[in-house]
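S.K.: Take this sequence and fold it.
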Amino acid sequence: MKELSLHILDIVQNSLRAGADLVEITIIQRSKEDLMVIEIKDNGNGMTFEEQRKVLDPFYTTRTTRRIGLGLPLFKAAASRCNGVLSLESALGVGTRIKATFQMSHWDRPPLGDISETLVSLIVANPHIDFVYKHQIDAEEYCFNTKSLRFVLEEIPVNTPSVLEYVRRKIKKGVESINKTNLEKQ
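M.R.: Below you'll find the predicted structure:
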(Lines give C-alpha, C1' and ligand atoms only; values in the text may rest on other atoms or scores of the structure.)
Protein backbone atom coordinates (compact mmCIF):
# COMPACT_ATOMS: atom_id res chain seq x y z
CA MET A 1 0.00 0.00 0.00
CA LYS A 2 1.42 3.32 -1.04
CA GLU A 3 -0.34 5.47 1.58
CA LEU A 4 -0.86 5.04 5.31
CA SER A 5 -4.51 6.08 4.95
CA LEU A 6 -5.09 2.89 2.95
CA HIS A 7 -3.66 0.82 5.81
CA ILE A 8 -6.04 2.68 8.13
CA LEU A 9 -8.97 1.91 5.83
CA ASP A 10 -8.07 -1.78 5.77
CA ILE A 11 -7.72 -2.06 9.55
CA VAL A 12 -10.97 -0.18 10.19
CA GLN A 13 -12.74 -2.60 7.85
CA ASN A 14 -11.41 -5.41 10.07
CA SER A 15 -12.90 -3.58 13.08
CA LEU A 16 -16.27 -3.34 11.36
CA ARG A 17 -16.23 -7.05 10.45
CA ALA A 18 -15.56 -7.71 14.14
CA GLY A 19 -18.82 -5.96 15.05
CA ALA A 20 -17.46 -2.58 16.19
CA ASP A 21 -19.90 0.31 16.34
CA LEU A 22 -17.24 2.73 17.60
CA VAL A 23 -13.87 3.16 15.92
CA GLU A 24 -11.29 5.69 17.08
CA ILE A 25 -8.48 6.68 14.72
CA THR A 26 -5.64 8.72 16.21
CA ILE A 27 -2.62 10.12 14.38
CA ILE A 28 0.13 11.77 16.38
CA GLN A 29 3.08 13.53 14.78
CA ARG A 30 5.92 14.74 17.00
CA SER A 31 8.57 16.73 15.14
CA LYS A 32 11.20 16.85 17.90
CA GLU A 33 10.98 13.09 18.42
CA ASP A 34 10.83 12.41 14.64
CA LEU A 35 7.84 10.18 15.39
CA MET A 36 4.49 9.37 13.84
CA VAL A 37 2.01 7.18 15.70
CA ILE A 38 -1.13 5.70 14.16
CA GLU A 39 -3.59 4.08 16.53
CA ILE A 40 -6.88 2.38 15.67
CA LYS A 41 -9.07 1.33 18.56
CA ASP A 42 -12.47 -0.36 18.35
CA ASN A 43 -15.15 -1.85 20.57
CA GLY A 44 -15.63 -4.93 18.40
CA ASN A 45 -15.64 -8.57 19.43
CA GLY A 46 -11.93 -8.66 20.24
CA MET A 47 -9.63 -11.61 19.73
CA THR A 48 -8.57 -14.63 21.70
CA PHE A 49 -4.94 -14.96 22.72
CA GLU A 50 -4.47 -17.55 19.96
CA GLU A 51 -5.95 -15.22 17.30
CA GLN A 52 -3.68 -12.40 18.48
CA ARG A 53 -0.68 -14.68 18.03
CA LYS A 54 -1.74 -15.64 14.49
CA VAL A 55 -3.11 -12.36 13.14
CA LEU A 56 0.29 -11.01 12.05
CA ASP A 57 0.90 -14.13 9.93
CA PRO A 58 0.01 -13.32 6.29
CA PHE A 59 -1.27 -16.87 5.80
CA TYR A 60 -3.88 -16.55 8.54
CA THR A 61 -7.29 -14.97 8.13
CA THR A 62 -10.71 -15.39 9.69
CA ARG A 63 -12.34 -14.56 6.36
CA THR A 64 -13.94 -17.36 4.42
CA THR A 65 -13.65 -15.61 1.04
CA ARG A 66 -9.86 -15.92 0.84
CA ARG A 67 -7.06 -17.81 2.52
CA ILE A 68 -4.61 -15.02 3.30
CA GLY A 69 -4.85 -11.85 5.38
CA LEU A 70 -2.22 -9.29 4.42
CA GLY A 71 -3.56 -6.12 6.10
CA LEU A 72 -1.86 -6.27 9.48
CA PRO A 73 1.32 -7.98 8.25
CA LEU A 74 1.77 -5.26 5.60
CA PHE A 75 1.13 -2.51 8.16
CA LYS A 76 3.66 -4.10 10.51
CA ALA A 77 6.20 -4.34 7.68
CA ALA A 78 5.68 -0.67 6.78
CA ALA A 79 6.33 0.35 10.40
CA SER A 80 9.40 -1.92 10.64
CA ARG A 81 10.89 -0.46 7.46
CA CYS A 82 10.68 2.97 9.11
CA ASN A 83 12.35 2.04 12.42
CA GLY A 84 8.96 1.57 14.05
CA VAL A 85 6.90 -1.19 15.58
CA LEU A 86 3.35 -2.45 15.56
CA SER A 87 1.60 -3.51 18.74
CA LEU A 88 -1.75 -5.18 19.17
CA GLU A 89 -3.92 -5.43 22.28
CA SER A 90 -7.24 -7.21 22.27
CA ALA A 91 -9.72 -8.72 24.68
CA LEU A 92 -12.78 -10.80 23.87
CA GLY A 93 -15.95 -8.76 24.22
CA VAL A 94 -13.97 -5.54 24.73
CA GLY A 95 -12.28 -4.71 21.42
CA THR A 96 -8.92 -4.26 19.79
CA ARG A 97 -6.24 -1.57 19.75
CA ILE A 98 -3.58 -1.48 17.05
CA LYS A 99 -0.72 0.98 17.33
CA ALA A 100 2.03 1.53 14.77
CA THR A 101 4.99 3.87 15.08
CA PHE A 102 7.10 5.30 12.28
CA GLN A 103 10.22 7.44 12.10
CA MET A 104 8.67 10.46 10.39
CA SER A 105 11.76 11.44 8.40
CA HIS A 106 12.54 7.91 7.21
CA TRP A 107 12.77 7.86 3.45
CA ASP A 108 10.68 4.65 3.31
CA ARG A 109 7.75 6.10 5.28
CA PRO A 110 4.72 6.22 3.01
CA PRO A 111 2.81 9.50 2.94
CA LEU A 112 -0.29 9.72 5.09
CA GLY A 113 -2.45 10.14 2.00
CA ASP A 114 -5.89 11.68 1.86
CA ILE A 115 -7.28 10.89 5.30
CA SER A 116 -10.43 12.95 4.63
CA GLU A 117 -11.31 10.69 1.68
CA THR A 118 -10.61 7.62 3.80
CA LEU A 119 -13.00 8.84 6.49
CA VAL A 120 -15.66 9.87 3.98
CA SER A 121 -15.45 6.39 2.40
CA LEU A 122 -15.95 4.79 5.79
CA ILE A 123 -18.91 7.04 6.62
CA VAL A 124 -20.58 6.43 3.24
CA ALA A 125 -20.49 2.67 3.71
CA ASN A 126 -21.19 2.70 7.47
CA PRO A 127 -23.50 5.61 8.34
CA HIS A 128 -24.55 4.16 11.70
CA ILE A 129 -21.02 3.59 13.00
CA ASP A 130 -19.43 6.17 15.28
CA PHE A 131 -16.02 7.30 14.04
CA VAL A 132 -13.73 9.49 16.10
CA TYR A 133 -10.72 10.95 14.30
CA LYS A 134 -7.99 12.76 16.22
CA HIS A 135 -4.93 14.23 14.60
CA GLN A 136 -2.21 15.82 16.70
CA ILE A 137 0.81 17.63 15.36
CA ASP A 138 3.07 18.57 18.25
CA ALA A 139 0.87 20.72 20.55
CA GLU A 140 -1.93 21.29 18.02
CA GLU A 141 -4.89 18.91 17.78
CA TYR A 142 -7.90 18.46 15.52
CA CYS A 143 -10.82 16.16 16.36
CA PHE A 144 -13.80 15.00 14.30
CA ASN A 145 -16.61 12.87 15.70
CA THR A 146 -19.58 11.47 13.74
CA LYS A 147 -21.66 11.09 16.90
CA SER A 148 -21.51 14.86 17.48
CA LEU A 149 -22.27 15.44 13.81
CA ARG A 150 -25.31 13.13 13.97
CA PHE A 151 -26.57 15.05 17.00
CA VAL A 152 -26.44 18.34 15.06
CA LEU A 153 -27.97 16.81 11.92
CA GLU A 154 -30.87 15.25 13.84
CA GLU A 155 -32.91 13.41 11.16
CA ILE A 156 -30.54 14.05 8.22
CA PRO A 157 -28.45 10.94 7.43
CA VAL A 158 -24.72 11.42 7.88
CA ASN A 159 -24.10 9.87 4.45
CA THR A 160 -26.17 12.49 2.58
CA PRO A 161 -24.01 13.86 -0.29
CA SER A 162 -24.03 17.46 0.99
CA VAL A 163 -23.10 16.28 4.49
CA LEU A 164 -20.27 14.16 3.09
CA GLU A 165 -18.91 17.15 1.17
CA TYR A 166 -19.04 19.17 4.40
CA VAL A 167 -17.20 16.38 6.26
CA ARG A 168 -14.55 16.17 3.52
CA ARG A 169 -13.91 19.94 3.65
CA LYS A 170 -14.04 20.10 7.45
CA ILE A 171 -11.44 17.36 7.94
CA LYS A 172 -9.12 18.75 5.24
CA LYS A 173 -9.39 22.23 6.72
CA GLY A 174 -8.87 20.95 10.27
CA VAL A 175 -5.71 19.04 9.40
CA GLU A 176 -4.37 21.93 7.28
CA SER A 177 -5.05 24.30 10.17
CA ILE A 178 -3.03 22.32 12.72
CA ASN A 179 -0.24 21.92 10.14
CA LYS A 180 -0.17 25.66 9.50
CA THR A 181 -0.32 26.61 13.18
CA ASN A 182 2.48 24.17 13.94
CA LEU A 183 4.68 25.55 11.15
CA GLU A 184 4.13 29.12 12.36
CA LYS A 185 5.32 28.15 15.84
CA GLN A 186 8.60 26.69 14.55
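S.K.: What's the mean pLDDT across the lengthiest helix in the chain?
M.R.: Using DSSP state H, we find that the single longest helix of the chain is helix 161-185. What helix 161-185 shows for mean pLDDT is 89.
S.K.: list the buried ones in that helix?
M.R.: 163-164, 167-168, 171, 174-175, 178, 182 (16 or more other C-beta atoms under 10 Å). Quick note: C-beta positions are derived from backbone N, CA and C, even for glycine.
S.K.: Then stretch 140-153?
M.R.: With burial defined by 16+ other C-beta under 10 Å, the residues of stretch 140-153 counted as buried are 140, 142, 144, 146, 149-150.
S.K.: Same check on stretch 72-87?
M.R.: Under the neighbour-count criterion of 16+ other C-beta under 10 Å, stretch 72-87 has 72-73, 75-76, 78-79, 82, 84, 86 buried.
S.K.: swap in stretch 84-99?
M.R.: Residues of stretch 84-99 classed as buried by neighbour count (16+ other C-beta under 10 Å): 84, 86, 88, 90, 95-99.
S.K.: In strands, which of those residues fall?
M.R.: Judged by DSSP state E, strands contain the following of the buried residues of stretch 84-99: 86, 88, 90, 95-99.
S.K.: Residue 54: which of the buried residues of stretch 140-153 is nearest?
M.R.: Ranked by distance to residue 54 (C-beta to C-beta), the buried residues of stretch 140-153 are led by residue 146 at 31.7 Å.
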